[in-house]
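In: Turn this into a model:
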Amino acid sequence: MKRMAWLLTAVLVSSISIYAGDTGKASTMTGWFCNSSCVTQSSGHAACDQNCADKTGDIVLMDDEGHVLKIDRQPGQGDATRG
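Out: As a prediction, this is how the structure comes out:
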């Protein structure tokens, strides 16, 4: 019975430590900001039209692979520097 209790305790402690190791890790993203109204799609990749003068859309981040990522907090919606 003691052996089973130690085994259960060991499994519980190791699963907690594995879970704790994954949370809170920051990731680095590279790309550029673009107005969502100026995003164009070509052959499955997004591009930002540099000649676009439309200012009505939201700010999006375009990564190096051509994916468009929406930014949750836009300027004017609160402090964008705090998470």
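In: hey, let's count contacts and neighbours off CA atoms from now on
Out: Will do.
In: Neighbours of the closest residue to residue 64 other than its chain neighbours, how many?
Out: Nearest non-adjacent residue to residue 64, counting by C-alpha to C-alpha, 6 or more residues apart in numbering: residue 31, 5.3 Å away. A total of 13 residues lie near residue 31 under the criterion other C-alpha atoms under 10 Å.
In: Equivalent analysis for the one 3 residues further on, please.
Out: For residue 34, the number of neighbouring residues by other C-alpha under 10 Å comes to 20.
In: Surely residue 64 and residue 30 touch.
Out: Yes: counting by C-alpha atoms under 8 Å, residue 30 is a contact partner of residue 64 at 6.6 Å.
In: what about those two, which has more around it?
Out: Neighbours were counted for residue 64 and for residue 30 using other C-alpha under 10 Å; residue 64 has more, 13 against 10.
In: quick one: pLDDT of the more buried one?
Out: pLDDT recorded at residue 64 is 83.
In: ok, now residue 75?
Out: The model reports residue 75 with a pLDDT of 64.
In: Okay, now the unreliable bits of this protein?
Out: 19-26, 73-83 (pLDDT under 70).
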